[in-house]
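S.K.: Predicted model and sequence follow; I will ask about them next.
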Amino acid sequence: DHDAYYDVLGQTFASGELPDVVLLGSTYYAGYAGEDVLWDMTEVFENSDFNASGRLKAPDVIEGVKIDGKLFGMPVTRGNGCVTYVKQDWLDAVGMEAPTTYAEYLAMLEAFTTGDPDGNGVNGDTYGVSSAGIIGKESPFVNYLPEFYQDAYPSFYQKEDGTWADGFLDPNMEAALLRLREVYEKGYLDKESLTNGTKDCRNKYYEDKFGVFTYWAGKWNTNLKVNLEANDLSGELVALEPIAELDAYIERTPPVWTITAAAENPEGVFKYFFDSMFDGDKVQTLWTYGVKGIHWDDKAETVVENTYAEGEFHMLESLEIPGTQYTTAHIDPLLSIGSFTGSDPGAAQIAAEATNSQTVFNENSVQAKIVVATDEMSQYNGDLTTLKNEIVANVVTQGADFAAEMARFEKEGGKSWSDMIVESLNKN
């Protein structure tokens, strides 16, 4: 329970009785770093065995979690993000190839909505795409409907010159919302998208109600495939590279392990906690796949109707979900920032489709920037976000005039709140 974890964590920080090591999501990481309760590990990381090993696969991820050039937390994986999946059998049914432009994407949605892509003999009883919300609840906000937002971003971002701006006020936001309104009105976009949760979308996908689903890359490709096949549907999915107008998917900022200012020997904590986690050998295997004999093994045996030869690495039956096998431990091997000294001992048991979708995402994504915490952000962003979400919903689902809604945005304080937050970010 993430909410409960951060409630307890907040109480712990408030008490002053801090543990040596804390795992933090990006929002909390930026906030606590600004309160001087996290240890600056920049120099120690730069001189660490792991950094010198040549096995760091994602230096850009390390750079992406620095705050004002300082490293207060250590990610162990990439942040990951969502890639757009298209059902191959639906493409085949309407005689189309995977789209590479927005015009092709829109034509595909039309065919999926007005034709008979599910092959049940009825035209028009399906729709093209569904999502959990028209706008996301957390950064990067646009990850479930990226083809419509394209170069528009509804929250704060850092420009190339290093200054901050609120993308909701950029001119390209209007075009993004009008694209969304068009597909909503035509029925290409699930009419329940405004209130859907991710589970709702997944269930509709498994029931063959729609054909395009932007969801997490990697292991979720396998989950989608398995659940579709459990319903006697084809599990073959195309993981799309970004369409031309989108340019790149957005990768969320990963959670980070931090060392608190209360640690008496932070250098020792880093060496024996972080450096050992990426030793390229036994300890890294432990963090990646768990304990031999409990989570994985390499002896000859049959596990959940899968038979393995002596010496063949395999995951054991899950104690939490009997009838299934464990997949990974703390470090997802498809997202790990560090490689093994030799080969990854569990690489062969990772499904090909998971590897493929993760590769598509990793090679076609940019990492979201951390938005640092400011007093103005804490004071105004909650009300500002609520107002933005109302305007997005009104324009997309109610057909409200964009200019009139933006006039309302200014009248109700949104522009003022946004300006104060931007000013505080640029002062930081």
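M.R.: Structure's in. What do you need? Quick caveat: nothing in here was measured; it's all calculated off a predicted structure. Numbering: from 1, shown residues only.

S.K.: Residue 267 and residue 44 touch, don't they?
M.R.: Yes - counting by Cβ atoms under 8 Å, residue 267 touches residue 44, with 5.7 Å between them. In this view, the C-beta of every residue, glycine as well, is placed from N, C-alpha and C.

S.K.: Mind checking which of these two has more residues around it?
M.R.: residue 44 (20 against 15; other Cβ atoms under 10 Å).

S.K.: and the residue lying closest to that one once chain neighbours are set aside, how many neighbours?
M.R.: Once flanking residues are discounted, residue 44 sits nearest to residue 270: 5.1 Å by Cβ to Cβ, 6 or more residues apart in numbering. A count of nearby residues for residue 270, using other Cβ under 10 Å, gives 22.

S.K.: Could you report the distance from residue 192 to residue 131?
M.R.: 10 Å (Cβ to Cβ, to the nearest Å).

S.K.: the more surrounded of those two?
M.R.: A direct count of neighbours by other Cβ under 10 Å for residue 192 and residue 131 places residue 131 higher, at 27 against 13.

S.K.: doesn't residue 10 fall inside a helix?
M.R.: Yes - the assignment for residue 10 is a helix, going by DSSP: H, G, I helix; E, B strand; the rest coil.

S.K.: Residue 63: what's it in contact with?
M.R.: By Cβ atoms under 8 Å, 6 or more residues apart in numbering, residue 63 lies in contact with nothing.

S.K.: what helix or strand is it on?
M.R.: In the assignment (DSSP states H and E), residue 63 maps to helix 59-64.

S.K.: Helices of the stretch 301-428 of the chain, start to end?
M.R.: 352-363, 375-397, 402-411, 414-427 (DSSP state H, counting those that start in this stretch).

S.K.: could those helices be laid out in JSON lines, adding distance to residue 305, mean neighbour count and mean pLDDT?
M.R.: Listed next are those as JSON lines, based on distance: least, Cβ to Cβ, whole Å; neighbours: other Cβ atoms under 10 Å; pLDDT from 0 to 100:
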{"stretch": "helix 352-363", "distance to residue 305": "20", "mean neighbour count": "19", "mean pLDDT": "96"}
{"stretch": "helix 375-397", "distance to residue 305": "46", "mean neighbour count": "18", "mean pLDDT": "96"}
{"stretch": "helix 402-411", "distance to residue 305": "56", "mean neighbour count": "14", "mean pLDDT": "98"}
{"stretch": "helix 414-427", "distance to residue 305": "55", "mean neighbour count": "18", "mean pLDDT": "97"}
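
S.K.: closest to residue 158 out of those?
M.R.: With respect to residue 158, and counting by Cβ to Cβ, the nearest of the helices of the stretch 301-428 of the chain is helix 414-427 at 8.3 Å.

S.K.: Between helix 375-397 and the closest one, find me the angle.
M.R.: Per axes from the mean of the first three to the mean of the last three Cα atoms, to 10 degrees, the angle that helix 414-427 makes with helix 375-397 is 140 degrees.

S.K.: Distance check, the residue lying closest to residue 308 once chain neighbours are set aside against residue 299.
M.R.: Distances taken as Cβ to Cβ, 6+ apart put residue 314 closest to residue 308, at 4.6 Å, once the chain neighbours are dropped. Distance, residue 314 to residue 299, by Cβ to Cβ: 9 Å.

S.K.: Flag every buried residue along stretch 236-248.
M.R.: Residues 237-243, 246 are the ones in stretch 236-248 that count as buried (16 or more other Cβ atoms under 10 Å).

S.K.: And stretch 89-104, by the same measure?
M.R.: 89-91, 93-94, 96, 98-99, 102.

S.K.: got the contact list for it?
M.R.: So stretch 89-104 is contacted by 86, 105, 107-108, 111-112, 115-119, 147, 150, 179, 211, 233-234, 236, 238, 240-241, 243-245 (Cβ under 8 Å, 6+ apart).

S.K.: rerun that using 7 Å as the cut-off
M.R.: The contact list for stretch 89-104 (Cβ atoms under 7 Å, 6 or more residues apart in numbering) reads 86, 105, 108, 111-112, 115-117, 119, 147, 211, 234, 236, 238, 240, 243-245.

S.K.: How about stretch 213-228?
M.R.: Contacts of stretch 213-228 (Cβ under 7 Å, 6+ apart): 80-85, 130-131, 143-146, 201, 205-206, 234-235, 237, 239, 327, 332, 334-335, 351, 353-354, 357-358, 360-361.

S.K.: Run a quick check on residue 24 versus residue 73, I expect a contact.
M.R.: Yes - counting by Cβ atoms under 7 Å, residue 24 does reach residue 73; the two are 6.3 Å apart.

S.K.: And those two? Which one has more around it.
M.R.: The neighbour comparison of residue 24 against residue 73 (other Cβ under 10 Å) goes to residue 73, with 27 against 20.

S.K.: check contacts around the more buried one.
M.R.: With Cβ under 7 Å, 6+ apart, residue 73 has these contacts: 24, 29, 38, 65, 256-258.

S.K.: Contact partners for the residue nearest to it when sequence neighbours are not counted?
M.R.: Closest residue to residue 73 apart from its sequence neighbours, by Cβ to Cβ, 6+ apart: residue 256 at 2.9 Å. Going by Cβ under 7 Å, 6+ apart, residue 256 touches 24, 29, 65, 73-75.

S.K.: Got the phi and psi for residue 256?
M.R.: Residue 256 has phi and psi values of phi -130, psi 150 when expressed as degrees, to the nearest 10.

S.K.: Can you tell me how far residue 422 is from residue 217?
M.R.: 32 Å.

S.K.: With residue 386 instead?
M.R.: With Cβ to Cβ as the criterion, residue 386 and residue 217 are 30 Å apart.

S.K.: what stretches of this structure score poorly on pLDDT?
M.R.: 1-3 (pLDDT under 70).

S.K.: make it 80
M.R.: Scanning the chain for pLDDT under 80 picks out 1-3, 27, 428.

S.K.: Could you break it into its assigned domains?
M.R.: With automatic domain parsing as the criterion, the domains of the chain are listed as 2-79+253-290+326-337, 82-251, 375-427.

S.K.: can you tell me the distance between the two ends of the last one?
M.R.: Using Cα to Cα, to the nearest Å, the span of domain 375-427 from its first residue to its last is 12 Å.

S.K.: same check, this time on stretch 251-270
M.R.: First residue to last in stretch 251-270 (Cα to Cα) measures 26 Å.
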